[in-house]
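>>> Could you work out the structure for the sequence below:
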Amino acid sequence: MGQARTVPPQVQLENEPLSHLMRVLIASPESRAVLNRIYRDLSWTEKASCYARWAKIFRGTDSYVESGTWSISFLEADLLLPLKSERIWLDWDSALSALGHESEIKQTYEALLRRPYLPSLFVDVGANYGTHSLLLLSQGVPVITIEPNVECHSCFIESCSLNGFHPRLLACCLGASDGEATLWYPPLETWLGTTVLPTQKKLIQRGYPLEETRVVQRTLDSLLGDINPTRILLKIDTEGSELSVFAGAEAVIDRHQPIIIFESHKNESRTPLFHFLEKWKYSVFRLPWREDRSETALCLREFLEAQECNFLARSNVGAFIWSTGDGLG
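Alright, predicted model coming up:
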């Protein structure tokens, strides 16, 4: 894959001698195993700190690392993630991101998965390297993984193979209609890929070199139109096209009232997003969401002013779908 053959630019590290020591420890299977055991016992907050501090330490280096795996635990399930020397800058970042990046989302998954009835289906829209999909697959939840950038697929497929998972991976983007779209993405930051011009222009302004490719576009309604009533957990992270994804999912929302975890940056798109969800009688909550929290739903003003970029939306009329297992997959 393209990322594996390219060395990314150097990242400015606050303490290069300490970063060098970490690279040395990670390079050896013996010392890496010790680090891995320590990591598995860290709290959510500590894992997030590890990601912020150590995820980029192999960028811009020619460090040799003996290939192997990194182990994480999610809800008592063990997962193996690949670490290959030729793409260690990417694999190490992905290994720490699985639990440490956007940990508020992962904690929300944990809370939802502890409910009496598991999701009958997880739909991972904008999956990138598929770390969210891996977590749900580890719990026996059926998953549809949607990622238009085929450069990301081989890493996800390899991780699934390591863990004995059989993924359903779709190479398309989602939008308001079936057809085609243009995908722009920085080749070394594929998670910033977008199909909307405003985000593309922002990436250019920030100095990212962009690749461009045509991709198939589907609606969620056309993908899920023939499924039976089920408990759907929907995650949407599409770098600016979230409203278009919602627009192509009205039948799914009407029929299934999925729980939705979605990204929304603080910009002009938040108002129409909120009104769309309001139309379908959905409330928006901060993350991490927990069953026992008494936090009230956000009003429009609170949503517009929120500094966070990830939220949970839950139907006010479809709670029964998640409180019973009768006929629900």
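
>>> from here on, contacts and neighbour counts on C-alpha atoms
Noted.

>>> Go through the lowest-mean-pLDDT helix or strand in the chain and flag the buried ones.
Least confident helix or strand, the chain: helix 197-205 with a mean of 91, by mean pLDDT, DSSP states H and E. Using 16 or more other Cα atoms under 10 Å as the test for burial, helix 197-205 gives 199-200, 203.

>>> And for that helix, what's in contact with it?
The contact list for helix 197-205 (Cα atoms under 8 Å, 6 or more residues apart in numbering) reads 184, 194, 210, 239-240.

>>> Among these, which one has the most neighbours?
T194 (26 neighbours; other Cα atoms under 10 Å).

>>> Poorly predicted segments of the protein, please.
1-15, 229, 293-294, 318-329 (pLDDT under 70).

>>> per the record, what domains does it have?
Here the domain parsing of the chain from automatic domain parsing is 2-100, 103-322.

>>> And the spatially most central residue of the chain, how far from G126?
The centroid of the chain falls nearest to H132 when counting by Cα atoms, centre = their mean (4.8 Å). Distance, H132 to G126, using Cα to Cα, to the nearest Å: 10 Å.

>>> From the buried residues of helix 197-205, pick the one nearest T108.
Checking the buried residues of helix 197-205 against T108 with Cα to Cα, the nearest one is T199 at 27.0 Å.

>>> could you pull out the strands for the protein?
Using DSSP state E, the strands of the chain run over 68-74, 77-83, 121-125, 143-146, 168-170, 173-174, 179-185, 211-218, 232-236, 259-263, 282-286, 310-315.

>>> Mind listing what's buried along the third one?
Residues of strand 121-125 classed as buried under the neighbour-count rule (16+ other Cα under 10 Å) are 121-125.

>>> and the angle for that strand with strand 232-236?
Put simply, strand 121-125 runs at 10 degrees to strand 232-236, going by axes from the mean of the first three to the mean of the last three Cα atoms, to 10 degrees.

>>> Show me what strand 121-125 is packed against.
In terms of contacts (3 or more Cα pairs under 8 Å, 6 or more residues apart in numbering; DSSP states H and E), strand 121-125 is packed against helix 131-137, strand 143-146, strand 232-236.

>>> okay if I get those as JSON lines plus distance to Y51?
Converted to JSON lines, the helices and strands packed on strand 121-125 look like this (distance: least, Cα to Cα, whole Å):
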{"stretch": "helix 131-137", "distance to Y51": "14"}
{"stretch": "strand 143-146", "distance to Y51": "24"}
{"stretch": "strand 232-236", "distance to Y51": "21"}
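
>>> To A55, which of the ones you listed lies closest?
The nearest among the helices and strands packed on strand 121-125, by Cα to Cα, is helix 131-137 at 14.7 Å.

>>> neighbouring contacts of that closest one?
Against helix 131-137 from outside (Cα under 8 Å, 6+ apart): 74, 94, 97-98, 106, 122, 124, 127, 142-145, 156, 159-160, 165.

>>> out of those residues, which are buried?
74, 94, 97-98, 106, 122, 124, 127, 142-145, 156, 159-160.

>>> Pick out whichever of these sits closest to A297.
Taking those together and measuring to A297 by Cα to Cα, the closest member is K106, at 19.9 Å.

>>> and the nearest residue to the closest one once chain neighbours are set aside, how many residues sit next to it?
Computed as Cα to Cα, 6 or more residues apart in numbering, the closest residue to K106 that is not its neighbour in sequence is L99, at 6.5 Å. For L99, the count of nearby residues is 23 (other Cα under 10 Å).

>>> L99 contacts A48, doesn't it?
Yes: contact criterion Cα atoms under 8 Å: L99 and A48 qualify, at 7.4 Å.

>>> neighbours around L223, how many?
Neighbour count for L223, taken as other Cα under 10 Å: 14.
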